[in-house]
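Trainee: take this sequence and fold it.
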Amino acid sequence: MTDEPPTSQAIYHQLLGLFHRRDIPFRLIDHPPEGQTVRASELRGHKLSAAAKCMVVTVVDAEIRRRHVLAVIPGDRRVKLKQVARVCGGRKAQFAEQSIAEELGGTVSGTITPFSFHPEITVVADPALFEERELFFNAARLDRSFAILAEDYRRLAEPQVASIT
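Mentor: Numbers count the residues shown, from 1 in each chain. Below is the predicted model of the structure:
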């Protein structure tokens, strides 16, 4: 096991609890520590498009108010920040500072999951994510990942689905 902060362990256990309470079938995949989507996908043995890549984005509106969203996209795509801003009613968007992303995601960069357990962050998922049958993502740890059906992810996370790639 890696030396993840205590919050990462809490998120890991929240996910396990959520899957068990909701009767969601999942697989755990142990692998060498990796936080980059391309390499993690290779280690897990799936195509890149099946990775749920997660980025915390700060959206600023016309009154300079900030809100944060968790952008979840297929691993083989790039997020378009202008699209995120538009979808969220903002005038601009940028990747959140690492400390903010880790605080809101509850875990370190490279292990942020596609679920929000923080009241100040909403989830926006690109529709291309749901073209895959099964999704893979780090389990709030660098050395372990989850695999769940895309339809189960959509039902559990209840993301806003909008084109952001």
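Trainee: roughly how far apart are the residue lying farthest from the centre of the chain and G90?
Mentor: Largest separation from the mean C-alpha position in the chain: E63, at 27.6 Å (Cα atoms, centre = their mean). E63 sits 10 Å away from G90, taking Cβ to Cβ, to the nearest Å as the criterion. Heads up, the C-betas are built off the backbone N, CA and C, glycines and all.
Trainee: next one: phi and psi at the residue farthest from the centre of the chain?
Mentor: Its backbone dihedrals place E63 at phi -90, psi 10, with angles given as degrees, to the nearest 10.
Trainee: show the contacting residues for it.
Mentor: Remark: with contacts taken as Cβ atoms under 8 Å, 6 or more residues apart in numbering, E63 is in contact with nothing.
Trainee: try it again at 10 Å.
Mentor: R91 (Cβ atoms under 10 Å, 6 or more residues apart in numbering).
Trainee: state the distance from it to L81.
Mentor: Computed as Cβ to Cβ, the E63 to L81 distance reads 19 Å.
Trainee: V108 too?
Mentor: For V108, the distance to L81 under the criterion Cβ to Cβ works out to 22 Å.
Trainee: ok, A125 next?
Mentor: The spacing between A125 and L81, counted by Cβ to Cβ, is 16 Å.
Trainee: what are the ranges of the strands in the protein?
Mentor: Taking DSSP state E as the criterion, the chain contains strands spanning 27-30, 52-60, 66-74, 92-95, 121-125, 134-138, 144-149, 160-161.
Trainee: the first one pairs with which strands?
Mentor: Counting by DSSP bridges, the strands paired with strand 27-30 are strand 144-149 (antiparallel).
Trainee: one more: the second one?
Mentor: Strands adjacent to strand 52-60 in the sheet, as given by DSSP bridges, are strand 66-74 (antiparallel), strand 92-95 (antiparallel).
Trainee: Q36 contacts G110, correct?
Mentor: Yes - using Cβ atoms under 10 Å, Q36 and G110 qualify as a contacting pair, with a distance of 6.8 Å.
Trainee: quick check: neighbours shared by those two?
Mentor: L142.
Trainee: so the two - more neighbours on which side?
Mentor: Using other Cβ atoms under 10 Å, the more surrounded residue of Q36 and G110 is G110, with 16 against 12.
Trainee: tally of neighbours for the nearest residue to that one once chain neighbours are set aside?
Mentor: The spatial neighbour of G110 that comes closest, neighbours along the chain excluded (Cβ to Cβ, 6 or more residues apart in numbering), is G35 at 2.1 Å. G35 has 14 neighbours, counted by other Cβ under 10 Å.
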